[in-house]
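S.K.: Structure for the following, please:
(chains A and B)
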Amino acid sequence: MSWEMIRKSLREGAVVFLACGTGLFAFCVFRVWIVGRLDSARFKQIIDLLPKDWDRFASVDFSWLVSYLGRVVMTFDEPMVLLLLSLWGIVRGSDVVSGELGRGTMELLLAQPVPRRAVFWSPVIVALAGSCLLALVIWLAMWVGVQITSIKEMVYPTINLPNGTRLPLTFLQPREELVRMRDVIDPRIFWPGIVNSVCLGVFFVGFTSWLSALDRYRWRTLGVVFSIYFVMAVFKIGGMAAESLRWMLYLTVFSLYEPELHIRILEGGRESLWTIVRWNSKFEMYELGPLGSNLLLLLLAAVFLLLAHCAFERRDIEAPV
Amino acid sequence: MPTAIETRALTKRFGNFVALHECDLAIEQGSVWGLLGPNGAGKSTLIRTLLGFLYPTSGDAYICGRHVVREQVATHRHVSYLPSSPRFFRTLTGRGILKFFTRLRADGDFALALKLARRLDLDLSRWVAFMSTGMRQKLAIAVAFANRAPVLVLDEPTENLDPNIRRIVVELVGEAQREGRTVLFSSHVLSEVEEVADHVAILNAGSVVHQQSLAELRYCHRIVAKAGTAAVAELRRLPQVVKLESDPLANVHLEVEGDLAHVLPQLASLQLSDVYIEATGLQAVYDRLHLPIGSREAS
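M.R.: All right, here's what the predicted structure looks like:
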């Protein structure tokens, strides 16, 4: 792999990375801060008013989602976060082959003593590294958000027992107190969500690179990928909305993106995170575990990247128009 | 002399369209070859196949003994390429482009690139995005000549250039030849080819229809004269005559090949008047071989 090629890809992706990174950081900090502005108890009252079957739209129970942790974790599911994270993978992935071809810069690159695989993998590696870094930006932003936010909690008066424990007096009127969010939420618990985000970003790099390797116009690659992206988003919503449409969940990659579920599972026990398939009591397979979802995303990305590599190695490079 | 570029029955098809048909070329090391042909004749396809951008449908091609498909990287170590209408990364300045491309090659020479840029009067501080077509062409020339590759492949190198820079490009090709490098360049400017090349290959409808040494071309002449029917019949029998046309006004146009010293005594013995002799030049050869492009569709 040529360091010059890597540097070129870094230079070309820098502006998009900074834009996506800044957007993600600002949004995630703000999103966590907003959580602190709304009391969980009041939030629960709103949730209680929703029809019972609305819980099908969440992979975790509503009672957990309305907690401070649950609402902070929902940051991962915000369309803005999802879009910015995918945007990087799609924008950079589309540039790998059809971007260079469309700009007419591919032939001068390939005329140099650089193997085609280096021309292909250099931007792919930068795009993959960028996806990892953007997921880390999300985590960093959420960490900052948690550090700077205070939350209001209803606290019962307590008495100190001789053994040192504090006993809440629940028969008395609770009073409102400001508590630092970092005392309630440990940001380290977000890591399964970050890993899941990395895997989704990596998938979009692989998928878009494959379409880019088959195409010669970047605008067309982008159009096709975004169409598929929105169709998959509709499939996810449709699949969750009705039991009869559940098959749609098998056709969308967003079924594998469940950061809130993975974090909820971590809360229940670290070892459950390493499950590939989650079984019910009758041992009939019913869904992928956190490790299974992440591995499938990475596997799909690897397959698409391999297909893209083969397509690029074998294709003719047309003259620039 | 060993061969620098060789093609054996090289063929490239795009579906039913034959872009290159059983092309055979053998270009000796240290020679300068001009590649001529009308638009769509297959010049760029031949060059792009030689560089491995296009995979041949059949046949083989070698540069410095390396197979252009099976040993692509090794081939590219021996060849430097100037594309027609070159495009560069818009996020770099001219200097950045030169640095990038000279670093990609083991034989890349940044100092030489800077020297070439000065010679071509190129503003290297300008971003590629703000360069004119001619400036990008000059930048590409600096990139192509800023290394020691033994083979230079130039696709219409003087396109979009002003006459002064055209002159410099012609000089650069001459200097490359003096250094023992092989140059293959395509062009539509016949005078440039005549000036700098020592051989030409003319393509038409995807086939190499003519190959000629320009030294031989200097012995080709066009003769215009008035001649009677008997004289025309005699002229047709001359072995040196490659083309003969006569008109109703008794004007006869001949093209002859070979030393005039052998032809002139024979002409003197015939009853000719108003005799006019001129060097044929590449244009006449080119015109003779020019065929309509439409004849190329594969059946």
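S.K.: burial of the residue of chain B found nearest chain A, as a residue count?
M.R.: At 3.4 Å from chain A, B:Arg87 is the closest residue in chain B, using C-beta to the nearest C-beta. Bear in mind the C-beta positions are built from the backbone N, C-alpha and C, glycine included. Residues within reach of B:Arg87, counting by other C-beta atoms under 10 Å in any protein chain shown, total 18.
S.K.: excluding its backbone neighbours, what's nearest it?
M.R.: Spatial nearest neighbour of B:Arg87, chain neighbours left out: A:Gly104 (3.4 Å); criterion: C-beta to C-beta, 6 or more residues apart in numbering or on different chains.
S.K.: you'd agree the one you found is up against B:Phe89?
M.R.: No - taking C-beta atoms under 8 Å as the definition, A:Gly104 is not a contact partner of B:Phe89, at 10.5 Å.
S.K.: Next one: the residue nearest to B:Arg87 from A:Pro157, what distance?
M.R.: In this view, A:Gly104 and A:Pro157 are 74 Å apart by C-beta to C-beta, to the nearest Å.
S.K.: Who has more neighbours out of the two?
M.R.: Just comparing A:Gly104 and A:Pro157: by other C-beta under 10 Å the higher neighbour count belongs to A:Gly104, 17 against 14.
S.K.: Backbone dihedrals for the more buried one, please?
M.R.: Backbone torsions of A:Gly104, given as degrees, to the nearest 10, read phi 80, psi 10.
S.K.: Now do the same for it: its pLDDT.
M.R.: As predicted, A:Gly104 sits at a pLDDT of 91.
S.K.: Likewise for B:Asp198?
M.R.: Looking at B:Asp198, its pLDDT is 92.
S.K.: okay but it is in contact with B:Gly30, surely?
M.R.: No - with contacts counted by C-beta under 8 Å, B:Asp198 stays clear of B:Gly30, the gap being 9.2 Å.
S.K.: who touches both of those two?
M.R.: B:Gln177 (C-beta atoms under 8 Å, 6 or more residues apart in numbering or on different chains).
S.K.: Of those two, give the one with the bigger neighbour count.
M.R.: Between B:Asp198 and B:Gly30, counted using other C-beta under 10 Å, the more crowded position is B:Gly30 (18 against 15).
S.K.: list the contacts for that one?
M.R.: By C-beta under 8 Å, 6+ apart, the contact set of B:Gly30 is B:1, B:4, B:177, B:180-182.
S.K.: which of the residues you listed has the weakest pLDDT?
M.R.: By pLDDT, B:Met1 ranks lowest within the contacts of B:Gly30, coming in at 70.
S.K.: what residues are up against that one?
M.R.: Neighbour list for B:Met1: B:28-31 [criterion: C-beta under 8 Å, 6+ apart].
S.K.: okay, B:Leu184: pLDDT?
M.R.: At B:Leu184, pLDDT is 96.
S.K.: same question, the one 10 residues further on
M.R.: At B:Glu194, the predicted lDDT confidence score is 87.
S.K.: That one: what's its closest spatial neighbour, skipping adjacent residues?
M.R.: Nearest non-adjacent residue to B:Glu194, counting by C-beta to C-beta, 6+ apart: B:Leu282, 5.1 Å away.
S.K.: And A:Pro192, by the same measure?
M.R.: A:His262 (3.6 Å).
S.K.: residue of chain A with the smallest distance to chain B?
M.R.: Minimum separation of chain A from chain B (C-beta to the nearest C-beta) falls at A:Gly104, amounting to 3.4 Å.
S.K.: quick revisit: my guess is the residue of chain B closest to chain A contacts A:Leu108, does it?
M.R.: Yes - using C-beta under 8 Å, B:Arg87 is in contact with A:Leu108, at 7.4 Å.
S.K.: what helix or strand does the residue nearest the centre of chain A sit in?
M.R.: Compute the mean C-alpha point of chain A, and by C-alpha atoms, centre = their mean the closest residue is A:Ser197, 2.8 Å away. Using DSSP states H and E, A:Ser197 falls within helix A:191-214.
S.K.: Past that helix, which element shows up next along the chain?
M.R.: Heading C-terminal from helix A:191-214 (DSSP H and E), you reach helix A:218-241.
S.K.: could you give the angle of that next one to helix A:191-214?
M.R.: Relative orientation of helix A:218-241 versus helix A:191-214 (axes from the mean of the first three to the mean of the last three C-alpha atoms, to 10 degrees): 140 degrees.
S.K.: So which residues make contact with helix A:218-241?
M.R.: Residues outside helix A:218-241 that contact it (C-beta under 8 Å, 6+ apart): A:56-57, A:86, A:90-91, A:93-95, A:98-99, A:101-102, A:204, A:207-208, A:211-212, A:215, A:245-255.
S.K.: filter the residues you listed to the buried ones?
M.R.: Buried by 16 or more other C-beta atoms under 10 Å in any protein chain shown: A:86, A:90-91, A:93-95, A:98-99, A:101-102, A:204, A:207-208, A:211-212, A:215, A:248-249, A:252-255, out of those.
S.K.: Among those residues, name the ones that also lie close to chain B.
M.R.: For chain B, no contacts are drawn from these by C-beta under 8 Å from any C-beta of the partner chain.
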